[in-house]
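*Asks:* model the following, please.
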Amino acid sequence: MEYNGSAGFSRLFVIWGITLIVVVLSLVATLYLIDQSKQTIIPTAPPPLPVAANPSDTPPPPQEINLFLIDPTALTLVPVKIERRLHTEFTKRLSQVVKALIQETPPNFRNPIPRGTLLNEVYIDSDQTAYLDFSNHIADGHIGGTTAEGLTVMAILKTVFDAFPDEIKQVQILIDGNQVKTLAGHLNLSQPLHFFD
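*Replies:* Okay, here's the model as predicted:
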């Protein structure tokens with residue numbers, strides 16, 4: 001009888017032990033799952049799609065423009081093609097073209113605009129006169145001489161009239177906001193200039 005009692009007690013002890021282990025393991029598993037659920041990153045809503053670009057903000061396609069530069073072998077002005085994305089607004093487009101003339105000197109050509117020259121401002125009146133206001137470098141840095149002065153003025157006129165044959169009828173060259181008589185003492189710049197060959 002004692003043996004059976006001991007065996008029953010042992011069996012009961014084993015069952016209780018197994019049950020306790022199962023409960024503890026279940027509790028640990030439950031706590032682990034709860035802990036993991038706290039760390040789970042809840043996916044956020046996808047970012048909104050970008051707003052379609054405003055057509056007016058789309059950069060325009062590159063356009064070819066002619067810059068009139070000096071061919072050193074012949075000492076004449078020749079058109080040199082470059083590409084620019086020109087602004088839709090006319091005054092800004094004119095400014096881009098004139099700045100390109102000032103800044104660009106491809107290999108094998110000479111720029112008739114004195115180095116350091118800046119374009120201060122550009123504006124156009126109701127008579128289609130373009131006013132190009134250059135920095136004083138265009139006169140102070142000029143090498144002088146009738147031919148050189150003529151090449152500088154003609155490079156500006158040819159470049160502008162070639163790019164804007166219908167929009168501009170004449171060009172007034174200014175220096176630091178002021179009308180000037182000449183660049184280097186030869187050509188009269190006191191009045192707007194028409195295109196001439």
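*Asks:* what about the strands in this protein?
*Replies:* Along the chain, the segments classed as strands by DSSP state E run 63-71, 76-84, 119-124, 129-134, 170-175, 178-179, 193-194.
*Asks:* can you lay out the ones you listed as CSV showing mean pLDDT and distance to F161?
*Replies:* All C-beta spots, glycine's among them, are computed from the backbone N, C-alpha and C. CSV is the format used below for the strands of the chain (pLDDT from 0 to 100; distance: least, C-beta to C-beta, whole Å):
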stretch, mean pLDDT, distance to F161
strand 63-71, 95, 10
strand 76-84, 94, 12
strand 119-124, 96, 13
strand 129-134, 97, 9
strand 170-175, 96, 8
strand 178-179, 94, 20
strand 193-194, 89, 9
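*Asks:* reformat the ones you listed as TSV; add distance to A155 and mean neighbour count.
*Replies:* Converted to TSV, the strands of the chain look like this (distance: least, C-beta to C-beta, whole Å; neighbours: other C-beta atoms under 10 Å):
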stretch	distance to A155	mean neighbour count
strand 63-71	5	18
strand 76-84	6	14
strand 119-124	14	16
strand 129-134	12	20
strand 170-175	12	20
strand 178-179	20	10
strand 193-194	12	15
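*Asks:* closest to I15 out of the ones you listed?
*Replies:* Nearest to I15, of all the strands of the chain, is strand 76-84, at 89.7 Å by C-beta to C-beta.
*Asks:* between the strands of the chain, which one is nearest to T91?
*Replies:* Closest of the strands of the chain to T91 is strand 119-124, at 5.7 Å (criterion: C-beta to C-beta).
*Asks:* what's the closest one in contact with?
*Replies:* With contacts defined as C-beta atoms under 8 Å, 6 or more residues apart in numbering, strand 119-124 is touched by 90-91, 94-95, 98-99, 102, 130-135, 167-168, 176-177.
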